[in-house]
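**Q** Next one to model:
(2 chains, ligands or ions: 2)
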Amino acid sequence: MAAPSPSTAPANDLAGAGRLFDYWLIVYRRTWKGSAISSFVNPLFYVLAMGVLLGDYIAGDPGQLEGATSYLAFIAPGLLAGQAMQTTFGETTYPVMGMIKWQRVYFGMTASPLSVRSVILGHLGFVMFRVGLACGVFVLVMAPFGVFETVWGAVLAFLVQFLVGLAFATPIFAFSAGLKDESAFALVFRLGMIPLFLFSGAFFPIENLDGWMQVLARATPLWHGVDLTRMLTLDTVDGSAALVHVVYLVVLALLGWLWAVRRLGRRLMS
Amino acid sequence: MSTVDADSMIHAAGLRKSFGSFEAVRGIDVDVRRGEAFGFLGPNGAGKSSTMRMVAAVSPVSGGTLRILGMDPATDGPQIRARIGVCPQEDTLDTEITVRENLYIYGRYFGLPRKEVRERVDELLEFVQLTEKAGAMVEDLSGGMKRRLTIARSLINRPEVLLLDEPTTGLDPQARHVVWDRLFRLRQQGVTLVLTSHYMDEVEQLCSRLVVMDKGVIVAEGSPLGLIAEHSTREVAELRFAVGENESAAGKVEDLADRVEVLPDRLLLYTADGEETVAKVHERGLEPVATLVRRSTLEDVFLRLTGRTLVD
Ligand SMILES: Nc1ncnc2c1ncn2[C@@H]1O[C@H](COP(=O)(O)OP(=O)(O)O)[C@@H](O)[C@H]1O
Ligand SMILES: [Mg+2]
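**A** Ligands and ions are numbered 1, 2, ... in the order given. Alright, predicted model coming up:
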C-alpha cells in the first residue's frame, strides 16, 4: 500500500477555500430543490405580474423610462439586480448564523488547517454560484422578450450581478457573523431588503422621488447595481456614471470583507 | 529550552487565558510527551476548555509560553492544526448531511486526495462501529454515536496528538463505555491522548498522568495511583446517618480516621482499613443508616485539595 498522504496547511487562503468545494457541493445537492423555487420561479412571477400585466397600463415612452421602449424592458434589469441582492440576503443571513450558532460547522472548519478567511471565501464562493445560477437563468429566460438591446450588454449585465452580489454579501455576512440571535433578521428583510427592492429604481425611475428620498435612493447599493445593469441592457452606457457604480460596489464589497474577517474571527478564534 | 525535542507534544509554561478582565487560565505549566495519555481533571469552569482551545490553536494565548509539536500557535496555527486531531466539547458536525459525508468533507479540509479520504472514511467508520450508519443523517444519531463520529472525524488526518474535551459528558453509562473502549485502543496504538473530564473514573481509566485543575490553576499533578497515594488514604468508609445527624456523628468518630469529611448527605472517613473503621464505629454504639467501604479515588483527591466535590 502507498504511504499515507501527509495532511498539510493550505498554501494560501484561496487554496484553503478550494478545500471547501466538496462541502459546498454536498450542501448544494441537498438544498437545490428548495432554492430552485425562489431562484427561478419567483422572478418569473414578477416578470409576468409587473412587467407584462402591469406594464400593459404603462406607456412605453423612452423619455419617461430612462430610454426603455417598454415597461418590461425597464424593469427587467431592475429585477435582475434585485434577484442578485435577494439571493445574497438569503444565503448570508440565517445560513451564516446556523454555521456559527446552531450547527457550529464553521468551528469544525477552523479546527482544521483552514483559516477564517478561507471559511469566508468558501461561503462567498457558494453565494456567488447561487447568484450566477439564479441570474443566468433569468437572463436566458428574458432574452426572447427582447429586453436586451445587445448580446454583449446581456453578457455584461449578467457579469455585473456578481459584483452586486458581493457588495451585499460581504457586509451582510459580517453583520450576521456577529449576531447573537436571529431576531434581527426579520428586520433586515422587512426594513432592509424589501424597501431597497421597492425604492431603488427597479420599478420606477428614481427621478420620481422627491428631495431627500431621491438622495437616499441614490446612496443605496441596489440603485448603483440597478442603474449599472440598466445601462448595459438598454445600451445607454454612460462611462463616468458606470465607473462610479463599479467603484461604489467594489469599495462596499472590500469594506464588507474586512468587517467580515474581523467579526467572524472574533467569533471563532477568541 | 530552545532545543528541538521531537517527543514534546505540548509544552506550556505560565500559560494564561483572559476574557476581558476575567482570567479563565491563570498560569499553568504542562508538558505532554509522545505516547502519553494525559488528563485535565477539574469541575465545570476550571478552565479546561479554555486550555484545550489554546492547545488546539484556535484561541490566542493571553500570556506565557505554548508550543505544540514544537511550534508556536501564534505563528504556525494551520501547520499545528494539520497535525492534531480535535474532539471539541460541543459537537461541530453538520447534522443535515450523512455520517459518511461528514467524515469525507473533513478529510478534504486537510488537503488529502479524494480516493485516500474515501479509504480512510471506511476504515474509521469500522473503527467507531458506525459502518451501518454510514448513510444516516447525523441528526438521527444518538448522542453516543455522534460522539464516536466526532472521534472518527478527529482521526481522519492521522493526528500525532488527539485532543478530547469532555469526550463522554452527557452520555449514558453504556455509551460511555463504548467510547472509552475506542480511546483505550487508540492509546494502545500509541496515539498521544490529551483529554479533559470532570469524571474521575474517566481519567482514572484512560490516563497515565493527569493534572487536577481548579479555578484556572493546577492544584496537583501525577499518575492516578500516585495522586491517590499522596493525597488520600487507601480506603474510605462512607457513613450515612439520618437526616441532620451527620454533623453530630462526625464529632464522635473523628479519632477513628486520618481525616473526616462531612458532605451534605454522608460522612467520609479516610482510613487504611475501612472495614475495621466501620466495626469501631459500631462498637461506639453509633448506627449509621448505611455504610460503604471503598477504595480512594481521584474524587477524594479533589475533595482534599479544594474542599469541594467534582460533580455538583
Ligand atoms: N468566550 C468566553 N468569554 C468569557 N468567558 C469565558 C469564555 N469562555 C469561557 N469563559 C469562562 O471561563 C471559565 C472557564 O471556562 P472553561 O474553560 O470552559 O472551563 P471548563 O471547560 O473547565 O468547564 C468559566 O468561568 C467560563 O465562564
Ligand atoms: Mg469545558
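**Q** Please make it C-alpha for all contacts and neighbour counts, starting now.
**A** OK.
**Q** Name the next helix or strand downstream of whichever strand or helix holds A:F168, please.
**A** Taking DSSP states H and E as the criterion, the element that holds A:F168 is helix A:151-178. Per DSSP H and E, the first helix or strand lying C-terminal to helix A:151-178 is helix A:183-187.
**Q** Distance check, B:L149 against B:E96.
**A** 14 Å (C-alpha to C-alpha, to the nearest Å).
**Q** Please identify which of the two sits among more neighbours.
**A** In this view B:L149 and B:E96 are compared by other C-alpha atoms under 10 Å in any protein chain shown, and B:L149 has more residues nearby, 27 against 16.
**Q** Let me see the confidence value for that one.
**A** At B:L149, the predicted lDDT confidence score is 98.
**Q** Okay, it and B:G111: tell me how far apart.
**A** Using C-alpha to C-alpha, one gets 20 Å for the distance from B:L149 to B:G111.
**Q** And for B:I156?
**A** Look at B:I156 and B:G111: by C-alpha to C-alpha, they are 11 Å apart.
**Q** Please apply the same query to A:A184.
**A** For A:A184 relative to B:G111 (C-alpha to C-alpha), the value is 37 Å.
**Q** Ok, B:T95 next?
**A** Taking C-alpha to C-alpha as the measure, B:T95 falls 23 Å from B:G111.
**Q** higher neighbour count, those two?
**A** Neighbours of B:T95 and B:G111, each counted by other C-alpha under 10 Å, are more numerous for B:G111; the result is 24 against 20.
**Q** tell me which element A:A202 falls in.
**A** Of the helices and strands defined by DSSP H and E, none includes A:A202.
**Q** for the residue lying closest to it once chain neighbours are set aside, what are its contacts?
**A** Here the nearest residue to A:A202 in space, its sequence neighbours aside, is A:G78; by C-alpha to C-alpha, 6 or more residues apart in numbering or on different chains that works out to 3.8 Å. Contact partners of A:G78, counting by C-alpha atoms under 8 Å, 6 or more residues apart in numbering or on different chains, are A:201-203, A:226-227, A:229-230.
**Q** Next: B:E235.
**A** Listed by C-alpha under 8 Å, 6+ apart, the contact partners of B:E235 are B:270-274, B:293-296.
**Q** follow-up on the earlier one: report all helices and strands that the helix holding A:F168 contacts.
**A** Counting contacts by 3 or more C-alpha pairs under 8 Å, 6 or more residues apart in numbering or on different chains; DSSP states H and E, the secondary-structure elements packed against helix A:151-178 are helix A:71-92, helix A:94-97, helix A:116-142, helix A:221-233, helix A:239-268.
**Q** In the chain, where is pLDDT below threshold?
**A** Just going to use chain A. In the predicted model of chain A, residues A:1-2 satisfy pLDDT under 70.
**Q** my question was about chain B
**A** Low-confidence segments of chain B, defined by pLDDT under 70, are located at B:1-4, B:312.
**Q** Show me what from it comes close to chain A.
**A** Taking C-alpha under 8 Å from any C-alpha of the partner chain as the contact definition, chain B meets chain A at B:56-60, B:77-83, B:86, B:91-95, B:97, B:101, B:105-106, B:108-113, B:116, B:157.
**Q** Just the buried ones from these?
**A** Taking 16 or more other C-alpha atoms under 10 Å in any protein chain shown as the criterion, what is buried in the residues of chain B next to chain A is B:56-60, B:77-83, B:86, B:91-95, B:97, B:101, B:105-106, B:108-112, B:157.
**Q** Show me those that map onto strands.
**A** B:V86 (DSSP state E).
**Q** Now, the buried ones among the residues of chain B next to chain A that are in helices?
**A** Counted as lying in helices by DSSP state H, out of these, are B:77-83, B:101, B:105-106, B:108-109.
**Q** now the closest residue to chain B within chain A: how far from A:K180?
**A** With distances taken as C-alpha to the nearest C-alpha, chain A approaches chain B most closely at A:P113, which sits 4.2 Å away. As judged by C-alpha to C-alpha, A:P113 and A:K180 stand 26 Å apart.
**Q** if you count what's nearby, which of the two comes out ahead?
**A** Taking A:P113 and A:K180 together and counting by other C-alpha under 10 Å, A:P113 has the greater number of neighbours (26 against 11).
**Q** Got the phi and psi for that one?
**A** Main-chain torsions, A:P113, degrees, to the nearest 10: phi -70, psi 0.
**Q** Contacts only, for it.
**A** With C-alpha under 8 Å, 6+ apart as the criterion, the residues that contact A:P113 are A:8-10, B:77-82, B:109-110.
**Q** How about A:L79?
**A** By C-alpha under 8 Å, 6+ apart, the contact set of A:L79 is A:43, A:46-47, A:202.
**Q** closest to ligand 1 among those residues?
**A** A:P43 (42.8 Å; C-alpha to the nearest ligand atom).
**Q** thinking that closest one is in contact with A:A81, fair?
**A** No. Here A:P43 does not reach A:A81: they are 11.0 Å apart, not a contact under C-alpha atoms under 8 Å.
**Q** Near ligand 1, which residues of chain B? Just list them.
**A** Taking C-alpha under 6 Å from any ligand atom as the criterion, the neighbours of ligand 1 within chain B are B:19, B:24, B:44-50.
**Q** Smallest gap between the stretch 151-270 of chain A and ligand 1, at which residue?
**A** Counting by C-alpha to the nearest ligand atom, the stretch 151-270 of chain A gets nearest to ligand 1 through A:S270 (6.5 Å).
**Q** typo on my end, the stretch 201-312 of chain B
**A** With C-alpha to the nearest ligand atom as the measure, B:G216 is the residue of the stretch 201-312 of chain B nearest to ligand 1, at 7.1 Å.
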